[in-house]
Structure formats: C-alpha cells, structure tokens
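*Asks:* build me a structure from this.
(one chain, ligands or ions: 1)
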Amino acid sequence: MTEAPPIDAIADETAYAEAVQLAADAAAAYYGDGTSSLDDDAYDRLVRGIAAYEKAHPDHVLEASPTGKVAGVVGDVPHTVPMLSLDNVFGPEELAGWTASLERRLGRPVTAWSVEPKLDGLAIAARYRDGRLVQLVTRGDGSAGEDVSHAIGTIVGLPGRLADPVTVELRGEVMMTARQFEEACAKRQAHDGTTFANPRSAAAGTLRAQDRPYVCELTFFGYGALPLPDDTSDLATRLREWPHSRVMDWVAGQGVQTTAGTAVAGIVATSVEQVQQRVEEIAAARPELPFGIDGIVIKADDAADQAQAGFGSRAPRWAIAYKLPAVQKITKLLGVEWNTGRTGVIAPRAVLEPVELDGSVVTYATLHNPSDIKRRGLMLGDSVVVYKAGDVIPRVESPVVHLRTGDEQPIVFPEVCPTCGGEIDASQERWRCVRGRTCRAIASIRYAVGRDQLDVEGLADNRIQQMLDAGLIADFGDLFFLTREQLLGLERMGEVSTGNLLTAIDRARTRPLSRVFCALGVRGTGRSMSRRIARHFGSMEAIRAADAEEFQKVDGIGPEKAPVIVAELAELSDLVDKLVRAGVNMVEPGVAAVAGDEGGTTTAAPGGDEPGALPLTGMTVVVTGAMSGQLAALSRNQMNELVEQAGGRASSSVSAKTSLVVAGENAGSKRAKAESLGVRIVSPEEFAEMVAQLLPGRR
Ligand code: IVH
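*Replies:* Purely as a prediction, here's the structure:
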C-alpha cells in the first residue's frame with residue numbers, strides 16, 4: 001500500500017498570509033451570516049497547513065492566524081484611534097430599521113447620509129508626516145496592527161507625497177483590481193506554478209510579502225482621514241468638523257485615490273429613499289466594476305451627528321454595512337465534461353459540488369478553454385473558486401492550492417471530438433472539431449428548425465438523422481429543396497406526413513429575417529441579438545454587406561463580438577446563398593434596410609404609425625412567470641418579439657435599468673427583485689392593453 005501523500009505544504013510567507021486570510025474570511029462568514037465559503041473538512045485542512053508553517057516559522061505568526069499562537073513580533077504598532085469594524089444589515093427593511101434607530105438615538109433627523117461602496121480588501125492606515133508617506137499599518141486586532149511599510153511604492157492610488165505638507169493618517173482599503181489580480185496570478189504561475197485563490201486573499205498575501213522575487217501591484221481607495229489626537233492645527237480642526245463627504249473631497253484633492261470618479265462614487269443623500277436608491281445603483285453596477293465590493297457603507301455625513309451617535313465596542317453607531325450576497329465561493333471540482341457546440345467548438349464545462357451563490361445553486365460552471373485550464377493549473381478534486389456576477393454563467397476562477405490533499409487527479413483532455421470522434425483542431429485557444437458545423441449537423445439543423453427560429457413543425461431528431469443518413473440534406477438549407485419523391489422514399493414516410501412536412505417547410509420560407517438569421521446559429525448571437533441585428537439592418541443583403549464597424553452600431557455588439565460575427569457570416573456564405581436560392585424571406589417586416597450612404601434605419605410601426613410612437617419605445621422590459629389572457633399562448637421568445645415590435649428592448653434579467661416587468665403567475669425571484677428595486681410591474685393582461693395595437697384582432 002502506498003502512503004497517502006502529504007497535504008500541500010505552504011510554500012512561503014505570501015502563501016501563508018494568503019492562507020490565513022482565507023481562513024479568517026471563512027470564519028468571519030461562518031460566524032457572521034452562517035454562509036462559510038469552506039466546508040469543515042477544508043477549513044480543518046487549511047488550519048493544519050497554517051499550523052505546520054507556523055511550527056517551522058514561529059517568528060512569523062500572524063495576528064489573524066486561526067491557530068491562536070501569535071508571537072510578539074507582529075501587530076505591534078498601536079493605532080492612534082482604534083480601527084473598528086461595521087455592523088451589518090441585509091436588506092431594505094433592516095436598513096430602514098437602522099436609520100430609524102439612529103434618528104431615535106439622536107432625537108432628530110440625520111442631517112445627511114453618505115453612501116459609498118464597501119470595498120472588498122484589507123483595511124490599512126497610511127501615515128503621512130509633513131506630506132510624506134512614512135508608515136503603513138494593517139488593521140490587526142483593531143487596536144494594534146502590523147507594520148507593512150515595505151509595500152510603500154507598490155500601491156496605486158497611495159502617493160508617496162501629498163499635495164500639501166500635512167501630517168495626517170489616511171484610512172482606506174488595499175485591494176487588487178481585476179487586472180492586477182490577473183497579472184499577479186500570471187506572475188505567481190510563472191514563479192511556482194500556482195495562482196492566488198481570490199483578489200482579497202491575494203492582496204493580503206502581497207501586502208505582507210517581503211522577500212518575493214516578483215512584485216505585484218496593489219490598489220488603494222481612501223475612505224477616511226484622521227488628524228493625530230493631539231494635533232491642534234487648522235487642518236486638524238477642519239478634518240474633525242467637516243462632514244465626511246467634505247473630508248473625502250479633501251483626500252482626493254491631496255492626490256489620493258477615492259471612489260470618486262468610479263461608477264460607484266460616494267454620494268450624499270438627504271432621505272432614506274435616496275439612500276436606498278443609491279444602494280440599488282451600486283448593487284446593479286457591481287458586476288461591471290473592475291474591483292470587488294461586498295456591500296455598501298452608509299454613514300451619517302455630519303461630524304456633529306457622528307459625535308453624538310458615538311461608538312459601540314466593536315463598531316461606530318453612525319455607520320452600517322449593507323451586505324450584498326456573495327458572488328464568489330469555494331467548492332469542489334468533481335469533473336470536467338467536454339461538449340461540441342453547434343459551431344464545432346469543443347468546450348469544457350466544470351461539474352461542481354453544488355454551492356449556493358448569489359441566490360441560486362450552482363452545479364456547472366464554464367471553464368473557458370483548454371489553455372485556460374492549463375494556465376490555472378486546475379486538477380480534478382481541487383477546491384476551486386467559483387464566481388458569478390449578475391446573470392452571467394458562473395465560471396471557475398482558480399484552484400485553492402493550500403487545500404489540496406494530494407488526491408487530486410489531472411484533468412483529461414479529449415484526443416478526439418467528443419461528438420463525432422473526428423480530429424480536433426487545437427491550433428487556437430478554443431479547440432474545434434475539424435468538421436466544424438457539420439460535426440453537429442443534427443444539432444445545428446435541430447436548432448434552425450426549432451420553435452423560436454424557422455419553426456418547422458413535425459421535424460423530429462430521428463427524421464433529421466434519417467435524411468442526413470440518406471444523404472438528402474447536409475444542412476438546413478437543403479430542407480427547402482426536398483422533393484415529394486425523396487421524402488416518400490424514406491422509411492415510415494407516408495403521403496400524409498410528407499404533405500404535412502412539405503407544407504411546414506414552405507411556411508418556414510416566410511419567417512421574418514430575425515428568425516432566419518437566428519437559424520444560422522452565428523456564434524454570439526441568440527434570439528434577442530438576432531432580432532436587434534434584423535431590426536438594425538432590415539435585410540440579409542445589408543447584414544452581409546456590413547463590416548465590423550457597422551455591426552458595432554447594434555446595441556450589445558462591441559469590438560470583440562463584431563469581427564466574430566463578420567467571420568462567421570463569411571463561413572456561412574454558401575448556406576445563406578442556398579437559402580436565397582430557395583426563396584427564403586430575407587427581410588424584416590416593417591424595417592427599411594440600412595441604406596449605404598445614410599446609414600440609419602427607420603423603424604416603421606405596424607399600422608403606419610410614426611416611428612417613435614410605439615408603446616414601449618426606449619423601455620427595457622423583462623417578462624417572467626406564466627402568461628395569461630390574450631398572451632397565454634405566447635412562448636417566452638414570442639413575448640420578447642412582441643416587446644421588440646413595440647419598440648422596447650427585451651431583457652432576461654432585472655436590474656436598475658429595467659423599465660417594466662411583466663409578471664405572470666408564479667413569477668419568482670425576478671418579481672421580487674423588481675419590487676426591491678421599485679421597477680414598475682404589470683400583469684400579462686395590463687401588458688396586453690399596453691401593446692394592444694400590435695396584437696392580432698386589435699381593437
Ligand atoms: S468606514 C469606523 N468605509 O469594512 C468606520 N469601511 O467591516 C469603519 N470598508 O474595516 C470604516 N469599505 O476595512 C468604511 N467605504 C468604506 C469601506 C470600509 C470597506 C471596510 C473596512 C472596515 C470594514 C468593516
């Protein structure tokens with residue numbers, strides 16, 4: 001019998017600091033809201049690894065270590081004013097409860113509120129003497145921290161010199177932006193083949209690292225400024241008397257980075273409604289931010305209000321953290337599945353131990369492509385960081401190497417196409433079956449004739465396969481050339497079914513361009529994008545004539561997607577020619593084609609109304625739940641088509657940008673989210689009234 005391999009030893013001080021941070025985060029989440037990112041076994045393993053490192057390096061034990069064996073050498077810089085924590089609230093009601101209780105305590109309304117993001121990094125005190133940055137101290141236990149002045153010069157946003165020669169302590173958060181995290185992971189990968197678990201623990205490890213052969217950049221955002229306790233200068237007096245928002249303007253004026261200028265800049269609100277609105281705006285902006293936030297901090301802005309409210313033992317009474325749900329958790333990578341998509345791309349998908357993330361249970365996550373798996377050094381059985389933002393598909397970020405048991409296995413890469421067994425073209429980052437679309441002919445045809453595309457009734461998978469096998473078709477364009485005789489020649493195909501199928505195919509010739517385009521299965525364009533493209537260009541001719549620049553005029557197509565669409569269309573050129581020859585409709589009803597010179601499109605409303613007079617012009621609409629009344633028979637795609645015919649934009653997720661939610665029976669989380677955001681909600685019947693002019697049998 002072979003002995004079980006040892007737990008991966010913690011390699012160096014950075015990895016040790018990172019592991020301590022992970023353990024501290026897990027413990028804080030567990031005791032805070034009971035949603036630990038680590039299971040008991042993983043936590044124990046992490047602590048055993050930490051303990052082993054501490055045994056070998058007794059002088060380097062960190063204050064925050066879960067082993068509780070702090071040596072005297074760290075965390076020995078006393079804070080002039082304690083660095084406190086914040087109490088939490090978890091929703092609008094709790095927030096309203098807290099603001100009310102603060103106003104009761106003060107016996108009057110709070111003068112103004114400051115609303116700012118809760119930055120997901122590590123608190124730090126940056127001490128400036130006569131305008132020069134002289135010392136950096138971590139939060140430690142709140143009353144004394146660790147001197148990390150060696151990091152001076154590596155932190156973006158924290159200048160070595162202030163604009164004025166002042167003596168002051170700035171407080172703020174040290175973190176890694178998404179770009180810095182990527183770069184740090186790449187550097188560490190090149191150094192020892194491992195990556196960091198997440199930006200927060202990477203920042204923690206990096207901040208403490210002293211003898212690393214590579215340097216990783218960090219970012220600072222200030223959120224406060226304190227004069228020394230005995231400072232009686234004018235500036236000190238002003239900093240004590242100014243509202244918090246004014247102090248922050250001063251900090252920014254000294255050349256220090258604050259959140260001002262970001263999408264989630266701190267603002268001053270004068271009512272609880274305004275506070276709640278900003279909370280929602282910040283929450284909605286979170287998925288697009290280039291740095292992590294885990295909540296919103298609401299503070300009484302006025303210095304007198306703060307002074308009167310005072311402090312509890314752990315946290316100030318004049319500030320609160322409104323926590324947002326975790327978008328990142330650690331779980332196990334159980335397996336990797338490889339699937340050939342409609343376009344021939346062979347994509348890996350992670351099978352995960354189910355984990356609750358941002359309101360839903362995640363079991364699968366994307367793994368991008370094979371080189372990404374190699375770059376991240378993932379192994380089967382690894383504890384991995386899974387990330388989910390907004391409604392995007394969750395993705396696997398990185399393995400947590402400190403949690404390895406030694407039982408992890410390499411991920412097996414396919415040698416042949418998992419669908420057809422043919423050769424793989426691995427020359428690009430994304431692997432493809434050399435047969436491209438033909439590999440998944442059945443899947444592409446099934447997609448093209450589906451209900452939301454050409455809607456050819458009665459064309460089941462076995463029929464498609466039968467026609468492929470008989471060599472009657474190779475793509476869905478060939479369907480339009482099938483003859484009665486050919487069909488009758490197939491097994492189990494009688495007069496009636498042949499007649500029905502030919503009628504159904506004939507009907508498919510008249511579908512609007514949006515559906516014909518969608519049927520092509522161009523990479524990166526689904527149903528709603530196809531509708532936007534069709535409405536923008538009006539005809540297939542205009543679509544084919546467009547270059548990448550023209551495609552970028554379509555809402556939702558950026559510089560990355562546009563050239564992919566152009567290239568895909570070139571690849572599909574023969575198929576499109578075939579469809580044209582077959583007499584398939586190539587225009588979008590009610591839309592004038594993009595004219596070469598003038599460029600713009602005109603959207604003509606049905607019934608000859610003026611453009612712009614459509615009932616949903618400029619609105620973003622989300623449909624959820626079961627439709628009823630006049631709309632009962634409409635599929636989700638048909639509802640979205642209706643929204644767009646009415647001049648609106650159909651979306652599948654509710655955010656602060658949503659103008660209207662059509663909520664039918666059993667509408668779940670989307671309705672709840674709309675309610676919390678104050679988005680207008682209507683029933684299917686009310687919506688039918690709004691778009692009555694577009695419904696058949698209109699009044
Ligand atoms: S104010 C005494 N403002 O959150 C007031 N803190 O859970 C405490 N944090 O230790 C700090 N963003 O590290 C404040 N805009 C912000 C913040 C913020 C992040 C961190 C800070 C603090 C922790 C408390």
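*Asks:* what strand or helix carries the residue lying closest to Asp555 once chain neighbours are set aside?
*Replies:* Distance criterion Cβ to Cβ, 6 or more residues apart in numbering; nearest residue to Asp555, sequence neighbours excluded, is Arg532 at 5.6 Å. The way it works is simple: take the backbone N, C-alpha and C, and place the C-beta from them, glycine included. Using DSSP states H and E, Arg532 falls within helix 527-537.
*Asks:* buried sites along that helix?
*Replies:* Buried residues in helix 527-537, counting neighbours by 16 or more other Cβ atoms under 10 Å, are found at 527-537.
*Asks:* over to stretch 134-152?
*Replies:* 136-140, 144-146, 148, 151.
*Asks:* can you check stretch 58-78 too?
*Replies:* 60-67, 70, 74-75, 77.
*Asks:* can you tell me which of those are in strands?
*Replies:* Val77 (DSSP state E).
*Asks:* pLDDT at Thr617, what is it?
*Replies:* According to the prediction, Thr617 has pLDDT 84.
*Asks:* hmm, back to that, so who does the residue nearest to Asp555 touch?
*Replies:* 554-556, 644 (Cβ atoms under 8 Å, 6 or more residues apart in numbering).
*Asks:* return the subset of those residues lying in helices.
*Replies:* Glu644 (DSSP state H).
*Asks:* return the member of the contacts of Arg532 nearest to Arg129.
*Replies:* Gly556 (51.6 Å; Cβ to Cβ).
*Asks:* follow-up on the earlier one: intersect the buried residues of stretch 134-152 with the contacts of the ligand.
*Replies:* Arg139 (Cβ under 6 Å from any ligand atom).
*Asks:* let's have the buried residues of stretch 134-152 in a markdown table, adding pLDDT.
*Replies:* Compiled in a markdown table, those are given as follows (pLDDT from 0 to 100):
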| residue | pLDDT |
| --- | --- |
| Leu136 | 97 |
| Val137 | 97 |
| Thr138 | 94 |
| Arg139 | 93 |
| Gly140 | 88 |
| Ala144 | 92 |
| Gly145 | 92 |
| Glu146 | 91 |
| Val148 | 95 |
| Ala151 | 95 |
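*Asks:* how about the buried residues of stretch 134-152, which pair is most distant?
*Replies:* Ala144 and Ala151 (18.0 Å).
*Asks:* which residues of the stretch 201-350 of the chain fall in helices?
*Replies:* 234-241, 244-253, 272-285, 303-309 (DSSP state H, counting those that start in this stretch).
*Asks:* wait, which of those helices is closest to Arg440?
*Replies:* helix 272-285 (36.8 Å).
*Asks:* quick one on the thing from earlier: where is pLDDT lowest across the buried residues of stretch 58-78?
*Replies:* Within those, lowest confidence goes to Val74 (52).
*Asks:* in the stretch 101-250 of the chain, what residue comes closest to the ligand?
*Replies:* Ala123 (3.1 Å; Cβ to the nearest ligand atom).
*Asks:* does that residue really touch Leu84, like I thought?
*Replies:* No. Counting by Cβ atoms under 8 Å, Ala123 stays clear of Leu84, with 9.5 Å between them.
*Asks:* tell me which stretches of the stretch 401-550 of the chain form strands.
*Replies:* 409-410, 424-425, 431-433 (DSSP state E, counting those that start in this stretch).
*Asks:* my bad, should have said the stretch 201-350 of the chain
*Replies:* 218-226, 267-269, 293-300, 319-323, 328-340, 345-357.
*Asks:* pick the most buried one from those strands.
*Replies:* strand 293-300 (a mean of 24; mean count of other Cβ atoms under 10 Å).
*Asks:* that one versus strand 328-340: what angle between them?
*Replies:* 150 degrees (axes from the mean of the first three to the mean of the last three Cα atoms, to 10 degrees).
*Asks:* need the residues that contact strand 293-300.
*Replies:* 86, 88, 95, 99, 102, 110-120, 223, 244, 264, 275, 278-279, 282-283, 286, 306, 309, 318-324, 326.
*Asks:* returning to that earlier point: dump the buried residues of stretch 134-152 to TSV, plus secondary structure.
*Replies:* Output for the buried residues of stretch 134-152, formatted as TSV (DSSP: H, G, I helix; E, B strand; the rest coil):
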residue	secondary structure
Leu136	strand
Val137	strand
Thr138	strand
Arg139	coil
Gly140	coil
Ala144	strand
Gly145	strand
Glu146	coil
Val148	coil
Ala151	helix
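*Asks:* and for the most centrally placed residue in the chain, nearest residue in space, chain neighbours not counted?
*Replies:* Nearest to the geometric centre of the chain sits Ala389, at 2.7 Å (Cα atoms, centre = their mean). With sequence-adjacent residues excluded and distances taken as Cβ to Cβ, 6+ apart, Ala389 is closest to Pro287, at 3.7 Å.
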